[in-house]
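>>> Just need the structure, nothing else, for what follows:
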Amino acid sequence: MMNFNKNILTLIKGNSFAQIFPLLLSPILTRLYSPSEFGVFALFISLSMILGTITAGRYDLTIMLPKKDDSAINLFILGFLITCILSIVLFIFIFLYYDSLTRLFLLKNIDFPFLLLPIMVFLIGLFNLLNYLNTRMQYFKSISNSLILKSVSIVSLQLILSFFKFGSFGLILGQVIGQFVSNMLLLKKVFKEKVLSPNKMDIVKMIALGKRYISFPKFSMVASLFNTTSYHLTSLMISILFNISTLGFYSLTQKVLSAPSSFIGTAISQVFFRELTIDKQKKVNIESKFFNMLKKLFFISIPFLIFLFYIIEDLFAFIFGESWRIAGTFALIVLPFFYIKFIVSIISVVLIVYEKQKVEVIWQGFLITITLIIMLISFYLHMSFENTLILLSLSWSIHYLILLLICINIIKKLDCNNYNCTINH
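Numbers count the residues shown, from 1 in each chain. Got it, this is the predicted structure:
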């Protein structure tokens, strides 16, 4: 338990700084870049996150699962090879269809750096692989430091490039370079500790492991695509159905409210994931640990929800400037949803631990369908963005509560007799 808490604190430290530092400097950035420039940046991030999350075929998730480190390393190499291939394919596709993509996203009058997209996608895929490999090896300090370095690099470059009138390209270039230096730190750690070396690569074992965990590219990759698409689909649709400035406002709302999940939720989730995986391998009952975590998350976070509900609009205007007050209005609308998502996203690692990819795919499929339907209703009824956001927030909240019930049901079905735990199907 002491190591568990220590590991959580180590990751929280890095994640906290990585999120708080950009937030502290956001009031400066919002005065150096316009809402429309933030909108272009948000569009780039949305596209890169949708593609980057799946570029390793979701074999990054499998790195935590094998008992032997050699197997985990071969899964890492397999994921890396897939990442390289898909990034090259994406580059060729963008090169061939650059004009068509510009028309699709209504970017005729905007110089959008599509050719940077494959680079960012590759870097995100590599980061996911390195992150899980470092987590498995319990190099939590290395992960923490990489997040800090990434945060400082991104914001510093964005501030510097703003004085050279780079516009939205300055925001994007800072993000790409920051991701690169973060990856290099994680890579340096695994090479220094001799975790990765050419003699550990086994083609036969890699193929066997690829087949063993084939459910991850078959189901988890689709689920992850659905998840990131549903999360970023709103940004894509805003740029098409509304305007790029509205996307800029919403992107700030999303950035601020996602911070707790990013710097606290991710840290807790990573260590919780590791603990559940170990308990599963040892065939230990995890029901009490699961519900204790759920109760802690609920009671610790509820006071913050109530407090923010009364001040969030004025808080946005005060911190980011009066011209950004509308982002605070958006934040008030989606605040309950982000609270629910914060809790459920941590708890839902049980779906990965117990390889419930099919359930995840179905749930994610409904999530993206709901988002698309609401966006289409908004378009045909000429609804305002605020009313559209109310519908989205309500629907997303209900859907995440359904996911929580699914996770509870999985835990309840654990049948433990003398620490011999199996799942009832």
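
>>> Mind jotting down where the strands sit in this structure?
With DSSP state E, the ranges of strands along the chain come out as 414-417, 420-423.

>>> dump the residue contacts of Ser348.
Leu403, Leu404, Cys407 (CB atoms under 8 Å, 6 or more residues apart in numbering). (C-beta placed from N, C-alpha, C; glycine too.)

>>> Please flag which of the residues you listed sit within helices.
Leu403, Leu404, Cys407 (DSSP state H).

>>> The last one: neighbouring residues, count only.
What that stands for is Cys407. The number of residues packed around Cys407, counting by other CB atoms under 10 Å, is 20.

>>> On the pLDDT front, check it for me.
At Cys407 the predicted local confidence, pLDDT, stands at 90.

>>> and what of the one 3 residues further on?
Among the per-residue scores, Ile410 shows a pLDDT of 85.

>>> Show the pLDDT at the nearest residue to Pro336 once chain neighbours are set aside.
The shortest distance from Pro336 to any non-neighbouring residue, by CB to CB, 6 or more residues apart in numbering, is to Ser397 (5.9 Å). Among the per-residue scores, Ser397 holds a pLDDT of 95.

>>> if I pick Ser397, what's in contact with it?
If a contact means CB under 8 Å, 6+ apart, then Ser397 has Pro336, Phe337, Ile340 as its contacts.

>>> Give me the buried subset of those.
In terms of neighbour count (16 or more other CB atoms under 10 Å), the buried residues within the contacts of Ser397 are Phe337, Ile340.

>>> Could you export the contacts of Ser397 as a markdown table, including pLDDT and distance to Ser239?
Shown next, in a markdown table, are these (pLDDT from 0 to 100; distance: CB to CB, whole Å):
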| residue | pLDDT | distance to Ser239 |
| --- | --- | --- |
| Pro336 | 93 | 25 |
| Phe337 | 94 | 21 |
| Ile340 | 93 | 26 |
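
>>> any low-confidence regions in the protein?
Applying pLDDT under 70 to the predicted model, the residue ranges of the chain that meet it are 1-5, 106-110, 262-263, 414-425.

>>> Who are the packing partners of the lengthiest helix in it?
Longest among the helix segments of the chain by residue count, using DSSP H, is helix 287-320. Using 3 or more CB pairs under 8 Å, 6 or more residues apart in numbering; DSSP states H and E, the elements in contact with helix 287-320 are helix 2-32, helix 244-260, helix 266-281, helix 325-347, helix 385-412.

>>> helices or strands up against the second one?
Helices and strands in packing contact with helix 244-260 are listed as helix 2-32, helix 35-52, helix 221-241, helix 287-320, helix 325-347, helix 385-412; criterion 3+ CB pairs under 8 Å, 6+ apart.

>>> could you give the angle of it to helix 325-347?
Taking axes from the mean of the first three to the mean of the last three CA atoms, to 10 degrees, one finds that helix 244-260 is oriented at 40 degrees with respect to helix 325-347.

>>> For Leu51, list the residues it contacts.
Applying CB under 8 Å, 6+ apart, we find Leu51 in contact with Leu90, Leu117, Val121.

>>> got a list of what the spatially closest residue to Val353 that is not a sequence neighbour touches?
For Val353, ignoring the flanking residues on the chain, the nearest one in space by CB to CB, 6+ apart is Leu276 at 4.7 Å. Residues touching Leu276, when contacts are defined by CB under 8 Å, 6+ apart, comprise Ile286, Lys289, Phe290, Val349, Val350, Val353.

>>> could I get those residues as TSV with neighbour count and distance to Phe95?
Supplementary listing: the contacts of Leu276 in TSV, determined by neighbours: other CB atoms under 10 Å; distance: CB to CB, whole Å:
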residue	neighbour count	distance to Phe95
Ile286	20	48
Lys289	16	50
Phe290	22	48
Val349	23	38
Val350	20	42
Val353	21	40
